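**Q** Any chance you can model this:
(chains A, B and C)
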Amino acid sequence: MPSRKQHRHDQPSWLVRIGAFAGLAFMHIPVLVIILYAFTTEDRTYQFPPPGLTLRWFDVAFARSDIWQALSMSLGVAACATAIALVLGTLAAFALARAKFTGKDSIAALFVLPIALPGIITGIALLAAMKLAGVDASFLTIVAGHATFCTVIVYNNVIARLRRLPPSWVEASMDLGADATQTLRYVLLPQVATAFLAGGMLAFALSFDEIIVTIFTAGKERTLPIWFFNELFRPRDRPVTNVVAVIVIAVTLIPILLAYYLTRPDDEHETAR
Amino acid sequence: MTAAIEFRGVSRVFGDVRAVDDVSFAIEPGEFFEMLGPSGSGKTSCLRLVAGFDSPDGGQVLLDGEDVSSVPPYDRNVNTVFQDYALFPHMTVLENVAYGPRVRGVDASTRAQRAREMLDLVQLGLQGERRPAQLSGGQRQRVALARALINQPKVLLLDEPLGALDLKLREEMQIELKGLQRRLGITFVYVTHDQGEALSMADRVAVFNKGKLEQLAAPRELYTRPATAFVARFVGGANVADATLAQSISGTAQPFAIRAENIAVVPESAAAPATGISAAGVVVAVQYHGAASRWQVKLDAGDVWSALITEEDSRALNGLAVGTRVKLSWPREAAVTLQS
Amino acid sequence: MTLRAASTFFYRRPYWYLALLLVPPLLWFGTVYLGSLFALLAQSFYRIDDFTAQVVREPTLATYKQLVTQPANVDIVVRTLVMAITVTLACAVIALPIATYMARYASGRMKALFYVGVMLPMWTSYLVKVYAWRLLLAKEGIIAWVNAKLGLTGLLEAALATPGIGGPSLSSSYIGMFIVFVYMWLPFMILPMAAALERVPGSLLQASADLGARPSQTFRNVVLPLAVPGIAAGSVFTFSLTLGDYIIPSVVGAPGYFIGMMVYVQQGTAGNIPLAAAFSVVPIVLIFVYLSIARRFGAFDAL
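**A** Below is the predicted model of the structure:
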């Protein structure tokens, strides 16, 4: 159906217009500034405007072994946490998408709780449990913490997609002779695939960037955000920190953008009516 | 001859609602069977029980004489055309139609060939490579039909398939479907809330109301001899007199129905015909319908009844405007006694 | 057993199928997550022995008592609560023009630009954003530079000298914290607000104009009340995120402690897990109270 351009009698007042654009600009300036600072030649203070621009901090950063260690730790944690999350989140989503049974609402609430409560609660709770159980902090405890809220992300994405699927499609498939596995393979999976991937990418990005829960569960291990956090208080080679910031922005932003484009409702592939 | 489908005392309950309430009937093979009723009457629930998307809480559903309550949909020789067509958007039209053979293990070239034949049967031979989203509503409906028929089911279920089409297309499709059923010779079970559709297409109609089967009969009998007040009103919109009204009109407390076209309108002063029954009232509205006029009269005894009289007779009553008093009269045998 | 037979097996027993799907995630969430929460609760009922500095695992209310009776602790809670509320209010006010413009006046590409423009900062790394503000707020940073150019340095110093909102420098003051909090949670307020505003049918505005209302009256009487669920939903985020945050107060913090910092510090150097646990129960309780209030304003429908 062709869209009708709304004839607007109401035009926004100047106040609203300025407020909107100024607000939007305000939201972007800080990050742009960081990216700028990654190129500054001044290495002791946060002087503005930067006295000069250079690329040498990138070389310095890439030569630092502690940065590489933290980076590989972060990537490893994110990969493991995302793998666990993809399995658990998808199972949970399939179970709850259209089920009706007593206790469903409580279970659904349970699956949302890790991101509903502040990260510090999850962090201190995990630490409390670790102390009570006598478990030491390690790579596994970090992964355990991350996998929990990553599962929620995957669950949210997959269940949203499943709920948009008309139930008649599954019925039609079975009506035509396909059993549950065939229906899953030919009808459900092609539809859910994008949400599954998007959930996985968001989970990866979130795990990579995570600091709050990680601090409690990491002990002596250092992920890149932890490295970063420490640098905030002992600034040595400030511009190197800025370079790492630019790396973090890139590694987290790209999967998120991809996930966003994957999950925008794509009319041709979603509707058949 | 074993019934193609049989319901024996079937019930389906959702919480407090009895969607299907102790329903029993049998559908003969090769019949064009329609299930008619308002929304929530249980007709769609019954259809789903036949298809296998739901199982009964009580009673038995038999296909070809066998109880299928625990048989999943993919093992039943029954196929469905859904109300929203349920075409798979990520497959082409051809792939949609070939889906049935595909999941039963038929090889690619054979099933493509059969799919093309089916598309020709529904006159969509050239649309095979397109996607459902690119087709019109009427075309999608035919794809759904082809997809369901390719498995050569014994029974085809149709869940209000024409609801989304405009009037002209709907009428064309009604004729096509009826012709298709005759040619294929398989049993069609058709669900609709449109009594006009039921009357024009079906061999027999089952009228549902609030989970119960009110009457099962051929269209002609349904129309001329409705069993209950609900059927009388729902099929053809008859005037219905309940016990009290019947008492004041005819003297006995036997509920009856009288079709609008069987009622004559006469001025109040005219003498009552000897063999008829009449009821007096005030004219509330006169609706012009071209060849006929519908007169709405509020009876002294209570309800508003309508009489459908020809244009000639209506002109003869010229002068009887809204607000004047008239008498409605009809021959005694035109009234149909109702059971409830 | 062939796949088809397995399929039919589960078709006849839907509850088995459900159990098969739910057991792994439930097992995980039950033990790792719920288990941890119970451990937290348990720890809050323990206490730390002042002499041995060990956790005494006997149920007691001593830690909670310590929490509510020591004025320093109560200060911490109040300070955090006040910051959470002011941040929420500020976010609501700043988000209003942005959300209104996005939802009602922008269309097509401008609208997409706004949506991506709001979500982009939300998706950018949290730590990087905090760090960016540290740069911005630094004595030699941008804000100081802009201030100097505009001649507002005197005003800034007066603000910083004000007790309760000021601090030694912009990058370690309540004002600074406030600015950073508002910046961080702004997208979380904008998006539900815009969604709620978008759901106001245009026909309502036309009806209002038809009945004689001026645009500002229509806004106040028709649009704003219908946007309240969106505002409530957004406020849930800003409130709970501020309440539990400890990174921002430590990076841009004034001398006074906040709940999050307290939790962090107590479990760290002091090793006083029971007190940390008790402190962390406070935000949980406050958030639940806030959620029940927000629900009455329709927040749950707008999420």
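**Q** ok but B:Glu129 is inside a helix, no?
**A** No: under DSSP: H, G, I helix; E, B strand; the rest coil, B:Glu129 falls outside any helix and is assigned coil.
**Q** what residues are up against C:Met184?
**A** C:126, C:129-130, C:241, C:248 (CB atoms under 8 Å, 6 or more residues apart in numbering or on different chains). Glycine gets a C-beta too; all of them are placed from N, C-alpha and C.
**Q** and chain C, which residues reach chain B?
**A** C:7-8, C:11-12 (CB under 8 Å from any CB of the partner chain).
**Q** who wins for most neighbours among those?
**A** C:Ser7 (22 neighbours; other CB atoms under 10 Å in any protein chain shown).
**Q** Please report the distance of that one from A:Arg98.
**A** 17 Å (CB to CB, to the nearest Å).
**Q** With A:Val143 instead?
**A** A:Val143 is 31 Å from A:Arg98, by CB to CB.
**Q** out of the two, which sits in the more crowded spot?
**A** Between A:Val143 and A:Arg98, counted using other CB under 10 Å, the more crowded position is A:Val143 (22 against 12).
**Q** Tell me the pLDDT of that one.
**A** According to the prediction, A:Val143 has pLDDT 94.
**Q** which residues does it contact?
**A** A:Val143 sits in contact with A:77, A:80-81, A:84, where contact means CB under 8 Å, 6+ apart.
**Q** can you count the residues close to the closest residue to it other than its chain neighbours?
**A** Distances taken as CB to CB, 6 or more residues apart in numbering or on different chains put A:Cys80 closest to A:Val143, at 4.7 Å, once the chain neighbours are dropped. A:Cys80 has 19 neighbouring residues, counting by other CB under 10 Å.
**Q** Any figure for the gap between A:Cys80 and chain B?
**A** 32 Å (CB to the nearest CB, to the nearest Å).
**Q** For that residue, report the pLDDT, please.
**A** At A:Cys80, pLDDT is 96.
**Q** So it: helix, strand or coil?
**A** helix.
**Q** Hmm, it is touching A:Gly145, no?
**A** No: using CB atoms under 8 Å, A:Cys80 is not in contact with A:Gly145, being 11.5 Å away.
**Q** just checking, next helix/strand downstream of the longest strand seen in chain B?
**A** If you go by DSSP state E, chain B has its longest strand at strand B:276-288. Per DSSP states H and E, the first helix or strand lying C-terminal to strand B:276-288 is strand B:292-299.
**Q** Looking at the contacts of A:Val143, which is nearest chain B?
**A** A:Ile84 (28.7 Å; CB to the nearest CB).
**Q** ok, now which ones touch that closest one?
**A** By CB under 8 Å, 6+ apart, the neighbours of A:Ile84 are A:143, A:147, A:150-151, C:28.
**Q** what stretches of chain B score poorly on pLDDT?
**A** With pLDDT under 70 as the threshold, chain B has low-confidence stretches at B:271-275, B:319-320, B:340.
**Q** Around chain C, pick out the residues from it.
**A** Residues of chain B lying near chain C (CB under 8 Å from any CB): B:70, B:72, B:74-75.
**Q** Output those residues in JSON lines, with secondary structure and neighbour count appended to each entry.
**A** As requested, those are exported to JSON lines (DSSP: H, G, I helix; E, B strand; the rest coil; neighbours: other CB atoms under 10 Å in any protein chain shown):
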{"residue": "B:Ser70", "secondary structure": "coil", "neighbour count": "11"}
{"residue": "B:Pro72", "secondary structure": "coil", "neighbour count": "20"}
{"residue": "B:Tyr74", "secondary structure": "helix", "neighbour count": "23"}
{"residue": "B:Asp75", "secondary structure": "helix", "neighbour count": "17"}
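**Q** A:Leu202 against A:Val158, yeah?
**A** No: look at A:Leu202 against A:Val158 with CB under 8 Å: they stay out of range, at 11.4 Å.
**Q** got the CA positions of whichever strand or helix holds C:Arg295 in PDB?
**A** Here C:Arg295, judged by DSSP H and E, is contained in helix C:273-296. Taking C-alpha atoms only, helix C:273-296 is exported to PDB below (Å, rounded to 0.1, in the frame of the first residue of the first chain):
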ATOM      1  CA  ILE C 273      31.500  -9.400  52.200                       C
ATOM      2  CA  PRO C 274      28.500  -9.300  54.500                       C
ATOM      3  CA  LEU C 275      28.500  -5.500  54.600                       C
ATOM      4  CA  ALA C 276      28.900  -5.300  50.900                       C
ATOM      5  CA  ALA C 277      26.000  -7.800  50.500                       C
ATOM      6  CA  ALA C 278      23.900  -5.800  52.800                       C
ATOM      7  CA  PHE C 279      24.600  -2.600  50.900                       C
ATOM      8  CA  SER C 280      23.700  -4.300  47.600                       C
ATOM      9  CA  VAL C 281      20.400  -5.400  49.000                       C
ATOM     10  CA  VAL C 282      19.400  -1.700  49.300                       C
ATOM     11  CA  PRO C 283      19.300  -1.000  45.500                       C
ATOM     12  CA  ILE C 284      17.400  -4.300  45.000                       C
ATOM     13  CA  VAL C 285      14.700  -3.200  47.400                       C
ATOM     14  CA  LEU C 286      14.700   0.400  46.100                       C
ATOM     15  CA  ILE C 287      14.400  -0.800  42.500                       C
ATOM     16  CA  PHE C 288      11.500  -3.100  43.300                       C
ATOM     17  CA  VAL C 289       9.700  -0.300  45.000                       C
ATOM     18  CA  TYR C 290      10.400   2.000  42.100                       C
ATOM     19  CA  LEU C 291       9.200  -0.700  39.600                       C
ATOM     20  CA  SER C 292       5.900  -1.000  41.400                       C
ATOM     21  CA  ILE C 293       5.400   2.700  41.200                       C
ATOM     22  CA  ALA C 294       6.400   2.900  37.600                       C
ATOM     23  CA  ARG C 295       4.100   0.000  36.800                       C
ATOM     24  CA  ARG C 296       1.100   2.100  37.900                       C
END
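**Q** Would you pull up how far that helix lies from the middle of the chain?
**A** Helix C:273-296 has its C-alpha centroid displaced from the chain centroid by 12 Å (CA atoms, centre = their mean, to the nearest Å).
**Q** in that helix, what counts as buried?
**A** C:273-284, C:286-287, C:290-291, C:294 (16 or more other CB atoms under 10 Å in any protein chain shown).
**Q** pLDDT of that helix, averaged?
**A** Helix C:273-296 comes out at a mean pLDDT of 87.
**Q** restrict the buried residues of helix C:273-296 to contacts with chain A.
**A** By CB under 8 Å from any CB, the members of the buried residues of helix C:273-296 lying near chain A are C:273, C:276-277, C:280, C:283-284, C:287.
**Q** near chain B, which residues of the stretch 101-250 of chain A?
**A** Residues of the stretch 101-250 of chain A lying near chain B (CB under 8 Å from any CB): A:166, A:168-169, A:171-179, A:182, A:186-187, A:190-191.
**Q** Can you tell me which of those are classed as buried?
**A** Looks like these have A:166, A:168-169, A:171-179, A:182, A:186-187, A:191 buried, using 16+ other CB under 10 Å.
**Q** For A:Arg163, which non-adjacent residue is closest in space?
**A** Nearest non-adjacent residue to A:Arg163 (CB to CB, 6+ apart): A:Ala97, at 5.8 Å.
**Q** tally of neighbours for the one you found?
**A** A:Ala97: 17 neighbours (other CB under 10 Å).
**Q** For it, give me its contacts.
**A** With contact taken as CB under 8 Å, 6+ apart, A:Ala97 is in contact with A:159, A:162-163.
**Q** try it again with 10 Å
**A** A:158-165, A:167, A:192 (CB atoms under 10 Å, 6 or more residues apart in numbering or on different chains).
**Q** Any quick ChimeraX command for the buried ones out of those?
**A** Applying 16+ other CB under 10 Å to the contacts of A:Ala97, the buried members can be selected in ChimeraX as follows:
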select /A:158,159,161,162,165,192
